[in-house]
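Student: Using only what follows, build the 3D model:
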Amino acid sequence: MATLWLRNLGFYSLQILLIAAAGGLLLHALRVRIPRARLICWHVLLVACLLLPAIQPWRRVNIDSSVQITTGTSTAVERNHGMRFPQIPPPNIVLLLLGAGAAIRFSMLGLGFLRLRRYRRDSRIVPGAFHDLERRLGIHAAVHVSSDTPGPVTFGFRHPVILLPEVCLQDESIACHELLHVRRHDWLFTAMEECVLALFWFHPAMWWLIAQIQLAREEAVDREAVAILNSRERYLESLLALATAKAGLNKVGMDLIPASPFLRRRHLQKRVASLLKEVSMSRLRLSWSLGTFLATLALAGWLGIRTFPLQAAPQEKPDANGVSVDSSGLTLLHRVPVAYTREAKEKGIEGDVLVELTLTQSGVVSDAHVLSGPEELRKATLESVLQWHYANDSRLPAKTQVTIKFRLSDATSPVATPVMVTPIALPEGMNTLKQIDLRVPDALKQKLQSRIPLREGDQITQASLSGLVAAVREVDEHLNVRVDNSGVITIMLDNGPPQRLRVGGNVQQANLIQKVQPIYPLQAKQDRVQGKVQFSVLIGKDGRVQNLTLISGEPVLADAAKDAVSQWVYKPTLLNGQPVEVLTQVDVNFTLSQ
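Tutor: Now for the predicted structure:
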C-alpha cells in the first residue's frame with residue numbers, strides 16, 4: 001500500500017508540474033499584464049492543482065480472489081530466536097520523510113501564529129490613527145505601533161490588526177496599502193497558501209506558483225492604492241524609502257509568519273517596474289485571453305491525467321453473504337474472501353471457526369490450523385486465510401488467531417429446491433438415445449451409472465433430457481452435458497484450463513514421499529551462521545520439484561538447502577481427478593547446537 005501511495009504522489013506531482021508550467025508559459029505568451037487578472041489566473045491554476053485528485057477518474061484494479069489452497073513445509077523443528085531488527089521498506093521511509101517535513105512546516109506555521117500574537121500583545125494601539133482613510137475605504141482595523149516588526153504587517157480576519165513601526169505611522173501610502181489588504185481579506189488567503197506550502201514543501205512548482213500569487217497580489221494592491229491616493233510618485237517614494245532603509249528585509253524569521261509583509265526583497269524590482277508601466281487591455285482582449293487560458297489549462301490537465309493516471313487501491317471481492325471476519329485488530333493489506341459453500345447452506349450449518357495463523361516476517365500467512373468450528377466450514381476457511389497478507393509493522397506477532405463467523409440469513413438459508421440447471425434444447429430429429437459417452441474419471445462413472453435415468457435405446461423427450469441434466473449436476477456441478485443430433489449424449493468435466501494450486505499448511509507436507517535432508521555447510525558451521533532459508537517451490541504434475549525460487553536466506557546456506565529440496569518427491573495432487581501443478585513454500589531451518 002505504501003508503494004501505491006508513493007506512486008500516486010509521484011504522478012500527482014508530475015501532473016502539478018505539467019499544469020503549472022503550462023499556465024506560466026501561457027500567461028507569458030498571452031501578455032496578461034493587469035495584476036488583478038493575473039492574480040485570478042494564478043488562483044485558478046492553484047485551485048486546479050489542488051482539485052486534481054478529486055476531479056480525475058482513478059484507475060481501478062480488481063483483485064482476482066478465486067479460492068486457492070496454499071501449503072508450506074518446514075524441515076526444522078526449531079526456530080532461530082535471535083534478535084531481529086524491524087525492517088522498514090523504502091517506500092515507507094520516503095513517506096515518513098515527507099510526512100515529517102510537512103509536520104515541521106506546520107509546526108513553523110504554528111510558531112508564526114504565536115509570534116504574531118506576541119507582537120500584538122507587546123505593541124501599543126493608536127486609536128484613530130487613519131480615521132479619515134478608514135472612513136473613505138469603508139473598513140476598520142486596529143492600528144498598533146510595534147518595535148518588534150521591522151516593517152508593516154497585517155493579519156487577522158474577524159478582528160484585523162495592522163502592525164506598523166514608529167517611522168511608518170505618519171505614512172498614508174503604507175496605511176492605504178495595508179487597509180486595502182484588510183478590505184480584500186488577503187490574510188485569509190495568505191494563511192491558506194502557507195498551509196498548502198506546508199503540505200507540498202517538497203514540490204518546487206508549488207513554491208513558484210504561490211510566489212507568483214503573492215507577487216500578483218501585491219502588484220494589484222499597489223495599483224489600487226495609487227488609484228485611491230491619486231499620486232503614483234508619493235507611493236513610489238514611500239516604497240523606495242522603506243527599501244532604502246532596508247526595513248523589513250533584515251529581520252530574521254519574518255518569512256516564517258503567516259502574513260504578507262509590506263516589502264519583500266525579491267518582489268521590489270518587479271513591483272516598481274509594474275507601477276511605472278502604463279498597462280491597459282481592452283475588455284475583448286482580456287476576455288479572449290482568459291478564455292484561452294482556461295481552455296489550455298483544461299487541455300493540460302487532461303494530458304496530465306492521461307499521461308500520469310492515479311491508481312486506486314485494488315478492490316477485493318466481498319465475503320459471501322452471512323460471513324463476517326474478526327482479524328484480531330491487525331491490519332490486513334489484502335485477503336481472499338471467505339466462501340459459504342452450498343453444501344453447508346443446504347445442511348443449515350452455521351457457527352464460528354477459530355483459526356490460528358502462522359505469519360512470516362513480511363506478513364504473509366505461511367500456515368493455518370483450525371482450533372474449533374464445524375467440520376463443513378473448515379475447508380472454506382482455510383482456503384481463504386492461507387491467502388491473507390498482513391501489514392508488516394511493529395505489532396505483527398509470529399502467530400495470531402482469527403474468528404470467521406458463518407450465519408444463515410434470508411440470503412443464506414438452507415436450500416430445499418432442486419439443483420437449478422441450464423436447459424438444453426433437444427436437437428431436431430433426435431428421438432432415440434444411441435449412446436451415453438462418459439468422459440469422466442472412474443470414481444465418477446460409478447456414481448453416474450447408478451443415477452442416470454436414461455439407457456441406450458430409450459426414447460428421448462425434452463422433459464427426459466432435462467431430468468438427465470439435473471441428475472448429472474446433482475452428482476457433480478462441474479459436469480457438462482452435450483447432445484448432438486446423431487443420438488449421442490456426452491458427459492464430461494469442464495474443459496477449463498489446468499489450474500496451478502497454491503497450497504499451504506501441512507497438507508503438502510503429508511504428500512511428501514521422498515525427502516532428502518540438507519547437509520549443513522562446513523563453512524557456515526565454522527562461521528556460526530544459522531537461520532531460515534525460504535523457497536517458493538513449483539511441484540509438477542508428477543510430484544517432482546520443477547523450479548525453486550529463493551525468497552530469503554543466507555547465501556552460504558541457500559545452496560545446500562536448494563540441492564536437497566530439488567530432490568524431494570511428492571504424491572501427485574489431483575483436481576477433479578486430474579493431476580495439477582502445485583506452488584508452495586518451503587522453509588529450511590539451519591540451527592547450530594549450543
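
Student: only C-alpha atoms for contact and neighbour calcs from this point on.
Tutor: Fine.

Student: just for the stretch 301-450 of the chain, where's the confidence low?
Tutor: 313-322, 327-329, 333-334, 393-395, 409-425, 428-429, 443 (pLDDT under 70).

Student: Which stretches in it count as strands?
Tutor: Here the stretch 301-450 of the chain has its strands, by DSSP state E, counting those that start in this stretch, at 323-326, 332-334, 351-359, 365-372, 389-390, 399-406, 435-439.

Student: how near is the closest residue to E376 other than its chain neighbours to I174?
Tutor: Using C-alpha to C-alpha, 6 or more residues apart in numbering and skipping residues adjacent in sequence, the residue nearest E376 is A344, 6.2 Å away. A344 sits 82 Å away from I174, going by C-alpha to C-alpha, to the nearest Å.

Student: Show the average pLDDT along stretch 20-38.
Tutor: Across stretch 20-38, the average pLDDT comes to 87.

Student: same check, this time on stretch 531-545
Tutor: Mean predicted confidence for stretch 531-545 is 87.

Student: The residue nearest to E376: how many residues sit nearby?
Tutor: Neighbours of A344 under the rule other C-alpha atoms under 10 Å: 20.

Student: Show me the one of the strands of the stretch 301-450 of the chain that comes nearest A37.
Tutor: Between A37 and those, the shortest gap by C-alpha to C-alpha is with strand 332-334, which sits at 48.2 Å.

Student: residue contacts, the residue lying closest to T341 once chain neighbours are set aside?
Tutor: Excluding its sequence neighbours, the residue lying closest to T341 (C-alpha to C-alpha, 6+ apart) is A380, at 7.2 Å. Residues in contact with A380 (C-alpha atoms under 8 Å, 6 or more residues apart in numbering) are V338, A339, Y340, T341.

Student: Distance-wise, check the second one relative to S486.
Tutor: The gap separating A339 from S486 is 41 Å, by C-alpha to C-alpha.

Student: go on, the third one?
Tutor: With distances defined as C-alpha to C-alpha, the gap from Y340 to S486 amounts to 41 Å.

Student: With the first one instead?
Tutor: Going from V338 to S486 by C-alpha to C-alpha gives 44 Å.

Student: Could you check the angle the longest strand seen in the chain makes with strand 365-372?
Tutor: As assigned by DSSP state E, the longest strand anywhere in the chain is strand 578-590. Using axes from the mean of the first three to the mean of the last three C-alpha atoms, to 10 degrees, the direction of strand 578-590 lies 100 degrees away from that of strand 365-372.

Student: show me the residues around the residue nearest to W568 when sequence neighbours are not counted that make contact.
Tutor: Of all residues not flanking W568 in the chain, K515 sits nearest, at 4.9 Å (C-alpha to C-alpha, 6+ apart). If you count contacts by C-alpha under 8 Å, 6+ apart, K515 has them with A564, V565, Q567, W568, V569.

Student: Could you identify the most distant pair in those?
Tutor: A564 and V569 (10.9 Å).

Student: Not counting sequence-adjacent ones, nearest residue to M281?
Tutor: The nearest residue in space to M281 (C-alpha to C-alpha, 6+ apart) is I34, at 7.6 Å.

Student: Can you report how many residues neighbour the one you found?
Tutor: 18.

Student: ok, now the one 10 residues further on?
Tutor: Using other C-alpha under 10 Å, the number of residues around V44 comes to 16.

Student: Same check on L371?
Tutor: Residues lying near L371 (other C-alpha under 10 Å) number 11.

Student: cool, and I104?
Tutor: I104: 14 surrounding residues under other C-alpha under 10 Å.

Student: How about the secondary structure of I16?
Tutor: Taking DSSP: H, G, I helix; E, B strand; the rest coil as the rule, one finds I16 in the helix state.

Student: Just checking: what are the partner strands of the longest strand of the chain?
Tutor: Strand 578-590 pairs in its sheet with strand 72-74 (parallel), strand 500-502 (parallel), strand 531-539 (antiparallel), strand 573-575 (antiparallel), by DSSP bridges.

Student: So which of V338 and S486 has more stuff around it?
Tutor: V338 (26 against 15).

Student: So that one sits against V353, correct?
Tutor: No: the pair V338 / V353 is not scored as a contact, 11.5 Å apart, by C-alpha atoms under 8 Å.

Student: Quickly list what's touching both of those two.
Tutor: Contacts common to V338 and V353, judged by C-alpha under 8 Å, 6+ apart, are T381.

Student: check contacts around the closest residue to A368 other than its chain neighbours.
Tutor: Take A368 and drop its neighbours on the chain: the residue closest to it by C-alpha to C-alpha, 6+ apart is L357, 4.5 Å away. Residues near L357 by C-alpha under 8 Å, 6+ apart: V365, S366, D367, A368, H369, V385, K399, T400, Q401, V402.

Student: what's the helix ranked longest in the chain packed up against?
Tutor: If you go by DSSP state H, the chain has its longest helix at helix 90-122. Contact here means 3 or more C-alpha pairs under 8 Å, 6 or more residues apart in numbering; DSSP states H and E; on that basis helix 90-122 packs against helix 2-30, helix 186-199.

Student: Now render the strands of the stretch 301-450 of the chain as JSON lines, adding distance to L557.
Tutor: Shown next, in JSON lines, are the strands of the stretch 301-450 of the chain (distance: least, C-alpha to C-alpha, whole Å):
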{"stretch": "strand 323-326", "distance to L557": "39"}
{"stretch": "strand 332-334", "distance to L557": "31"}
{"stretch": "strand 351-359", "distance to L557": "22"}
{"stretch": "strand 365-372", "distance to L557": "21"}
{"stretch": "strand 389-390", "distance to L557": "27"}
{"stretch": "strand 399-406", "distance to L557": "26"}
{"stretch": "strand 435-439", "distance to L557": "48"}
